[in-house]
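Undergrad: predicted coordinates and the sequence they were generated for:
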Amino acid sequence: MVAFEELVGRHRDKIYARAFSMMRNEDEAIDLSQEAWVKGWQRLQQFQGEASFVTWMTRVVQKRLRTESIEHMDSESGGVERQMPPLIINPTEGLERQEVRQRIDQAMSQLSYAHRTVLILHEFEGLEYKEVAKRMGCSIGTIMSRLFYARRRLAALLMDLKQERPT
């Protein structure tokens, strides 16, 4: 319980910010983030450390919002099925995603170790500059610089991918 309270204290603002970005209403964001913390406590044994704790809690917030949206549609509009868009099956979609993932992995492998690491820690694991700097043993300014150049290099490596995709 004490460890969970420490996690709440450490990440409360980030989870609230995520809830606010989805709700755009302070009271609703407070309610959503509090409900997410309750769900997080109830499902804590499911956290396996595959992603950062903040990333995991963000998923809890998003799932809670989706559940509320579906319940709202069901009660207000005579059924969820009337609100759902028609399902269009694209047999090549899975292959396209796999190809995109491979291209991103290939581009990431072309980055230097420092640039790849800073991108993963900041963008994918959601760590703040300060925490990334601490883990990598350098200054926040160095992290910001590496992140800038890593993003620019990754964008250049993936530019052809953007041009191939239909708009």
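TA: Everything's here; your move.
Undergrad: show me what contacts the residue nearest the centre of the chain?
TA: Closest to where the C-alpha atoms of the chain average out (CA atoms, centre = their mean) is Thr55, at 5.8 Å. The contact partners of Thr55, by CB atoms under 8 Å, 6 or more residues apart in numbering, come to Glu125, Gly126. Any C-beta I mention is one placed from the backbone N, CA and C, and that applies to glycine too.
Undergrad: if I look at it, how far off is Val100?
TA: Taking CB to CB, to the nearest Å as the measure, Thr55 falls 21 Å from Val100.
Undergrad: how about the nearest residue to Ala107, chain neighbours excluded?
TA: Leu157 (3.8 Å; CB to CB, 6 or more residues apart in numbering).
Undergrad: that neighbour and Gln110 touch, don't they?
TA: Yes: using CB atoms under 8 Å, Leu157 is in contact with Gln110, at 5.9 Å.
Undergrad: contact partners for Ser109?
TA: Applying CB under 8 Å, 6+ apart, we find Ser109 in contact with Arg116.
Undergrad: returning to that earlier point: between Leu157 and Gln110, point out the one with more neighbours.
TA: Leu157 (17 against 12; other CB atoms under 10 Å).
Undergrad: pLDDT score for the more buried one?
TA: For Leu157, the pLDDT comes out at 85.
Undergrad: residues making contact with the strand or helix carrying it?
TA: Secondary structure from DSSP states H and E places Leu157 in helix 140-164. With contacts defined as CB under 8 Å, 6+ apart, helix 140-164 is touched by 100, 103-104, 107-108, 110-111, 114-116, 118-119, 122, 129-130, 132-133, 136.
Undergrad: just the buried subset of these, written out for ChimeraX, thanks.
TA: Entered in ChimeraX, the line below selects the buried ones among these, by 16 or more other CB atoms under 10 Å:
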select :107,108,111,115,116,118,119,122,129,132,133
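Undergrad: who's in contact with the helix or strand that contains Arg12?
TA: Arg12 is part of helix 2-23, with elements assigned from DSSP H and E. Here helix 2-23 makes contact (CB under 8 Å, 6+ apart) with 26, 28-30, 32-33, 36-37, 41, 44, 53-54, 57-58, 61-62, 65, 126.
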